[in-house]
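Asks: need the 3D shape of this:
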Amino acid sequence: MVTSSEKSDMLGSATTRPENISLAAPKERIDYTLVEEMFSKLAVDDEFERKQVIQEISSHILEMAKSELHSVKLFLSTILRLAHRAPFTEVSEGMKTLLGDLESLGLQVPRVRFRKGPSFYIPKDKVPKLDDTKSEVWPIFRDAFMNDARVSHMVQVMGLHPLYLVHWVQAHHHLMRECNGVLPRHFRAYIAIMASARHNCLYTVNLLEREFLCFGGDQEWLEGLKNAPKKLQNLATVNNILCHKPWALTSQHMQDLLTGPDSWSRPELTQALTIICHFHALTTFVLGCGLTHEIDSIAGHNYGNSPQVDSGDDDLLGDPENNGNPIMFEDIYTRLLQEDGSPRLIQDVNHQIFTDLIEQQATSSGGSRRKTSALAHYMMDPEMEYEKYGTQNKTQVEQIFGEELDWEEMGYPCCRNLDEVLADILNRKFENIQELTYHTMGGKENIDTSKLRSSVWYYVHRLWGIYYYNVDYSMIQELLPPGFRNYIFCTTCMPEQLKEDIFNNWESKRGFTHSEKVHFCLIIMEARFQAEYCFALKALSTY
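Replies: Next up is the predicted model:
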């Protein structure tokens, strides 16, 4: 959204740093439907028709610039985004020409703030190009543009793994865009804002605020949760618990939402819980990969002579006090080759290792406190943060969790009873990420990485207190050295505290490729989503 400070930037004043920009909604309503209506016309398959649309848009905006200068400024950030981020060359070139024409008329045009591309952590040349029509992932980029007239940084970075991306896009679209959902789309967008705010994820909140307004949402709601309907406010407690201690969610919480004034129907609550869990997990990917802000968001562009920057601000990407030890690739590679698959499951010993894993992590991660969030107005109890499950009582952990939260045995049947289509979409997505492999590791080929991938998956579940009798936790302890576990811990539980040096601890020079790091981040995201979602489904099904 455009704030008063950004408007003054357009007129040539000093650029406002993003950490000083208020994210509360401006008093003046910006009608983003006008912007979307104009540029959504570019989402056509035929190249000739696209060129005609580009000409029509350019002519309209240039004519508008002669008499309605203020109105033109509302379109500038979108023009800038399309000039740099479109899967069609003619769109990018046409928007660059339009920016040049507007500048020649004396209008100050914005510039891209971050020169690093879609990620602070991953070099631009390691991410798929949007306009490479011969790449395997380009058809997905094209389809994304056809749906939203946008290929987001999330989609572009996930494009390193197109076989997975197909399933993620399908799930995301089903949750947020399907017109036949039980919740109106502006409700879904607001619930997603509430979920993203818990991890101070400005990237997703900025996108969702715009989406919320395009779906007809009330601008007043964006001033804070207190202005939203009581029905949405009632979700705040469940949002907090699922984000930071999902094991504490009970059927009583479900009863409070399903009964009484401003209550939810069971189908509505199912969709709301799915969106909450989806976006909690998505923030782990966004922050875990250090995604830069979309160009047309407030923090994604600037005006005047402000320099482009190479890294994020602490307020945007977090500031952990302890980054752990380097993740040594050769250590992991050697240990993986030494794994012979011999059974070592002695339950008392296995459970002690299970307990030690979290105790060691709690000590090594430093215990830094959560900073005041710029998104606190979307939260209830903004100071609440990750709380590890009480691991001292081994019997309690085994009795409550274990296979009771297994997706195939409990989660999938429960979800299918509530939403058959959603259950099948999520099941295919889980299966894909658990099976996805290229049989490579750091440039080495013909490597079986199944044990390493499953170790990451079950370690994430361990962080949420879930113990499996048939998982060898000594293998997890051996395959995931402290530096790796620290990255998984921070990404899963406190992604708002991540910083670039944690990501770079992966000894990149002769170790994991950037594509492999993104692969691990996708595993972390889906493991968290599945664990958190199963807690939600269990609470809902037992009411």
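
Asks: what are the boundaries of the helices in the stretch 351-500 of the chain?
Replies: 394-400, 412-418, 420-435, 450-463, 473-479, 482-493, 500-504 (DSSP state H, counting those that start in this stretch).

Asks: where among those helices is average confidence lowest?
Replies: Comparing mean pLDDT across the helices of the stretch 351-500 of the chain, the weakest is helix 394-400, with a mean of 45.

Asks: okay, which residue is most central for the chain?
Replies: L282 (2.9 Å; C-alpha atoms, centre = their mean).

Asks: now for the top helix by length along the chain, which elements pack on it?
Replies: If you go by DSSP state H, the chain has its longest helix at helix 514-541. Here helix 514-541 touches helix 153-158, helix 236-244, helix 251-258, helix 266-288, helix 412-418, helix 420-435, helix 450-463, helix 482-493, going by 3 or more C-beta pairs under 8 Å, 6 or more residues apart in numbering; DSSP states H and E. Where you see a C-beta, it was placed from the backbone N, CA and C, and this is true even at glycine.

Asks: recalculate using a threshold of 6 Å.
Replies: helix 251-258, helix 266-288, helix 412-418, helix 420-435, helix 450-463, helix 482-493 (3 or more C-beta pairs under 6 Å, 6 or more residues apart in numbering; DSSP states H and E).

Asks: between these, which one is closest to D218.
Replies: For D218, the closest of these is helix 266-288, at 18.1 Å, according to C-beta to C-beta.

Asks: would you mark the buried spots in that closest one?
Replies: Residues 268-288 are the ones in helix 266-288 that count as buried (16 or more other C-beta atoms under 10 Å).

Asks: sort out which residues of the longest helix of the chain are buried, please.
Replies: Those would be 514-541, for helix 514-541 by 16+ other C-beta under 10 Å.

Asks: can you give me the angle that helix makes with helix 266-288?
Replies: Relative orientation of helix 514-541 and helix 266-288, computed by axes from the mean of the first three to the mean of the last three C-alpha atoms, to 10 degrees: 150 degrees.

Asks: which non-adjacent residue is nearest V238?
Replies: In space, V238 comes closest to H253 once its chain neighbours are excluded; the distance is 5.5 Å by C-beta to C-beta, 6 or more residues apart in numbering.

Asks: burial measure for that neighbour, as a count.
Replies: 18 (other C-beta atoms under 10 Å).

Asks: so for it, what's the pLDDT?
Replies: Note on H253: pLDDT of 97.

Asks: what of the one 10 residues further on?
Replies: Predicted confidence (pLDDT) for S263: 96.

Asks: just give the number of residues close to it.
Replies: S263: 14 neighbours (other C-beta under 10 Å).

Asks: helix, strand, or coil at it?
Replies: coil (DSSP: H, G, I helix; E, B strand; the rest coil).

Asks: need phi/psi at it.
Replies: Backbone dihedrals for S263, given as degrees, to the nearest 10, come out at phi -80, psi 160.

Asks: gap between it and P229?
Replies: From S263 across to P229, the span is 12 Å (C-beta to C-beta, to the nearest Å).

Asks: lowest-scoring secondary structure element of the chain by mean pLDDT?
Replies: Lowest by mean pLDDT, DSSP states H and E among the helices and strands of the chain is helix 4-10, with a mean of 36.

Asks: C414: what's it in contact with?
Replies: Taking C-beta atoms under 6 Å, 6 or more residues apart in numbering, we find C414 in contact with 537, 541.

Asks: again, only this time at 10 Å
Replies: Neighbour list for C414: 270, 407, 423, 533-534, 536-538, 540-542 [criterion: C-beta atoms under 10 Å, 6 or more residues apart in numbering].

Asks: could you do W168 as well?
Replies: So W168 contacts 140, 154-155, 158, 161, 278, 282, 285, 425, 429, 432-433, 522, 525-526 (C-beta under 10 Å, 6+ apart).

Asks: repeat that for 6 Å
Replies: Per C-beta under 6 Å, 6+ apart, neighbours of W168: none.

Asks: and for H186?
Replies: So H186 contacts 212, 215-217 (C-beta under 6 Å, 6+ apart).

Asks: what subset of those is buried?
Replies: 212, 215, 217.

Asks: any idea which of those residues is closest to N240?
Replies: The closest of the buried ones among the contacts of H186 to N240 turns out to be F212 (C-beta to C-beta; 20.7 Å).

Asks: tell me the spacing between that closest one and E431.
Replies: Taking C-beta to C-beta as the measure, F212 falls 32 Å from E431.

Asks: same thing with A299?
Replies: From A299 over to E431 (counting by C-beta to C-beta), the distance is 36 Å.

Asks: so which of these two has more stuff around it?
Replies: Higher neighbour count among A299 and E431: A299, with 24 against 13, using other C-beta under 10 Å.

Asks: can you verify that one is assigned to a helix?
Replies: Yes - checked against three-state DSSP, A299 lies within a helix.

Asks: returning to that earlier point: mind picking the two most distant members of the contacts of C414?
Replies: Checking the contacts of C414 with C-beta to C-beta, the most distant pair is A423 and T542, at 18.0 Å.

Asks: on that earlier part again, hmm, which two among the contacts of H186 are most spread apart?
Replies: Between any two of those, the greatest separation by C-beta to C-beta is 8.7 Å, found for F212 and G216.

Asks: taking the mean pLDDT, what do you get for stretch 113-133?
Replies: On average, the pLDDT along stretch 113-133 is 91.

Asks: what about it, distance to the chain center?
Replies: 17 Å (C-alpha atoms, centre = their mean, to the nearest Å).

Asks: begin at 4 from here
Replies: Sure, I'll start numbering at 4, so the last one becomes stretch 116-136.

Asks: next, the buried residues of that stretch.
Replies: Going by neighbour count (16+ other C-beta under 10 Å), the buried part of stretch 116-136 is 116-117, 119-125, 129-131, 133-134.

Asks: whichever strand or helix holds F42: which residues count as buried?
Replies: In this assignment (DSSP states H and E), F42 forms part of helix 35-42. Residues of helix 35-42 classed as buried by neighbour count (16+ other C-beta under 10 Å): 35, 38-39, 41-42.

Asks: who touches it?
Replies: Applying C-beta under 6 Å, 6+ apart, the set of residues contacting helix 35-42 is 81, 152, 213, 216-217.

Asks: ok, then the element right after that helix?
Replies: Downstream of helix 35-42, the next assigned helix or strand under DSSP H and E is helix 50-68.

Asks: picking that back up, just name the closest of the buried residues of helix 35-42 to G184, please.
Replies: Ranked by distance to G184 (C-beta to C-beta), the buried residues of helix 35-42 are led by E39 at 19.4 Å.

Asks: distance of the closest one from D49?
Replies: 21 Å.

Asks: what's the answer for L294, then?
Replies: Applying C-beta to C-beta, the value for L294 to D49 is 32 Å.

Asks: between these two, which is the more surrounded one?
Replies: Shown here are L294 and D49; by other C-beta under 10 Å, L294 has more neighbours (25 against 9).

Asks: and K502, how far is that from P121?
Replies: Computed as C-beta to C-beta, the K502 to P121 distance reads 18 Å.

Asks: sorry, back to before: A426 and T545: who's more crowded?
Replies: Between A426 and T545, A426 has the larger neighbour count (other C-beta under 10 Å), namely 18 against 11.

Asks: where's the more buried one relative to L101, distance?
Replies: 45 Å.

Asks: just D134 next, same as before
Replies: 18 Å.

Asks: do D151 as well
Replies: Between D151 and L101 the computed distance is 20 Å (C-beta to C-beta).
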